[in-house]
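A.B. asks: next input, structure requested:
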Amino acid sequence: MFPLSVPAKQLARLQAGAWVLDPFCGRGSTNYAARLLGLGSVGVDSNPVAAAIAEGKMVATSAEEVAAACAEILATPIEAAPPEGEFWTRCYHPRTLDELCRVRAALLADHESPARKALRALILGLLHGPRNKGAPSYLSNQMPRTYAAKPDYSTRFWERRGLQPVRVSLAELVERKAFHYFGSTPPAVPFRVLCGDSRKLDLTASGPRFSMVVTSPPYYGMRTYVPDQWLRYWFLGGPPAPTYQHPDQLSHGSASEFAEQLASVWANVALACMPGARFMIRFGGIHDRKARPRDIMQEALAGSGCQLRVLTVRTAGLSSRGKRQADQFQRSLGAPIEEWDFYVRLEGGR
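C.D. replies: Have a look, this model is predicted:
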């Protein structure tokens, strides 16, 4: 993940009143760093899971309000049939799955209040994860927390090990975790989190022009964000099975095509920035693509058609994404690879 320390360091130099943009906001590290510094921000991501989590980090609410929102939903008669199939009966205890489906239905109908936005984000983090010896921290049978293993693989894994889902009270878990995550929150700041395509959205309509852009685009060839988060995507209204196509996702057909699409993002972003705005972009690659990440990003910046001047390119060291808690499902991943930080300035305006 994009560490919070990266945007926090970059944004610390901004003056009060400055606005920050992250056109690939993921789970909102840049936006949350801006909140800690009292800065307004806009985050954009095409992945609804990422956008929902980022928004949940930014709303002004309290642990009591989040817990009360969950209790209120569960106290209301709601009919929500659970998905069918062996995966669902092995992944969740029947009573837990019933509660989960009822809260899902309620939040799909109405998630406009800050408390419900926060509840939605909180449950996305509780949907699946490892089982421990103490009080449960997740709702599911044994599963990694950072990605959802596919249904067939999961059911074979649980069956071979004789693992059965345990009863977890959704209300109790939400209340306990709400006080952990929302017991003390930073002061509210103006913000917007948009689920959409940064190549096409009118970012000039988001508020004041941006003084700084801090972001980490998807790495070329990395197309598994939505399939890896298929359970969380289901909770947000997606199908009860992995989906491998998602609108607004950058195409990864070739390195040159990918660079061209990134160039269109930078061109669109520049329209919403102040003259002299600074960009900090972290970018890397994955093992099954031979293209050099540094070359892709330099081609994208040069092809944007706007006055983006590359000031510095520095190595960011090795990515920490290589592990991803894969050991719980005996999933092997390659060694981390080098990432790069691009420091860029918008010369003039658009």
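A.B. asks: pretty sure Glu86 contacts Ser154?
C.D. replies: No. In terms of CB atoms under 8 Å, Glu86 does not count as a neighbour of Ser154; the distance is 9.5 Å. The C-beta positions use only the backbone N, C-alpha and C, and glycine is treated the same way.
A.B. asks: ok, these two, which is more surrounded?
C.D. replies: Ser154 (23 against 13; other CB atoms under 10 Å).
A.B. asks: so how far is Tyr92 from the more buried one?
C.D. replies: Distance of Ser154 to Tyr92, given as CB to CB, to the nearest Å: 12 Å.
A.B. asks: could you point out which element follows the host helix or strand of Phe258?
C.D. replies: Assessed by DSSP states H and E, Phe258 sits inside helix 255-271. Downstream of helix 255-271, the next assigned helix or strand under DSSP H and E is strand 273-283.
A.B. asks: could you tell me which residues touch both of Ser154 and Tyr92?
C.D. replies: Shared contacts of Ser154 and Tyr92 (CB atoms under 8 Å, 6 or more residues apart in numbering): Asn141.
A.B. asks: give me phi/psi at Arg345?
C.D. replies: Torsion angles at Arg345 (phi, psi; degrees, to the nearest 10) stand at phi -130, psi 140.
A.B. asks: quick one: buried residues of stretch 230-240?
C.D. replies: Neighbour-count burial for stretch 230-240 flags Trp230, Leu231, Arg232, Tyr233, Trp234, Phe235, Leu236, Gly238 (criterion: 16 or more other CB atoms under 10 Å).
A.B. asks: residue ranges with poor pLDDT in this protein?
C.D. replies: Applying pLDDT under 70 to the chain flags the ranges 1, 288, 319-336, 349-350.
A.B. asks: host element of the residue most central in space within the chain?
C.D. replies: Geometric centre of the chain, nearest residue: Ala50, 2.6 Å, by CA atoms, centre = their mean. Element membership of Ala50 [criterion: DSSP H and E] is helix 48-58.
A.B. asks: need the residues that contact that helix.
C.D. replies: By CB under 8 Å, 6+ apart, helix 48-58 touches 25-28, 31-32, 35, 41, 43-45, 117-118, 120-122, 124-125, 189, 191, 193-195, 225-226, 229, 232-233, 236-238.
A.B. asks: what element comes up after it heading to the C-terminus?
C.D. replies: As assigned by DSSP H and E, the chain's next helix or strand after helix 48-58 is helix 63-74.
A.B. asks: which outside residues touch that next one?
C.D. replies: Contacts for helix 63-74 (CB under 8 Å, 6+ apart): 99, 102-103, 106-107, 113-116, 118-119, 122, 170-171, 174-175, 178-179, 181-183.
A.B. asks: contacting residues around the helix holding Phe258?
C.D. replies: 21, 23-24, 198-201, 203-204, 210, 213, 217, 220, 250-252, 277, 279, 289, 291, 295-297, 299-306, 308, 346, 350.
A.B. asks: check stretch 219-239 too.
C.D. replies: 47-50, 52, 83, 100, 104, 108, 120, 123-124, 127-128, 147-148, 150, 218, 240-244, 246, 249, 252, 255, 258, 283-286, 288-289, 291, 293, 296.
A.B. asks: go with 7 Å
C.D. replies: Applying CB atoms under 7 Å, 6 or more residues apart in numbering, the external contacts of stretch 219-239 come out as 47-49, 52, 104, 108, 123-124, 127-128, 147-148, 218, 240, 242-244, 246, 249, 252, 255, 258, 283-286, 288-289, 291, 293, 296.
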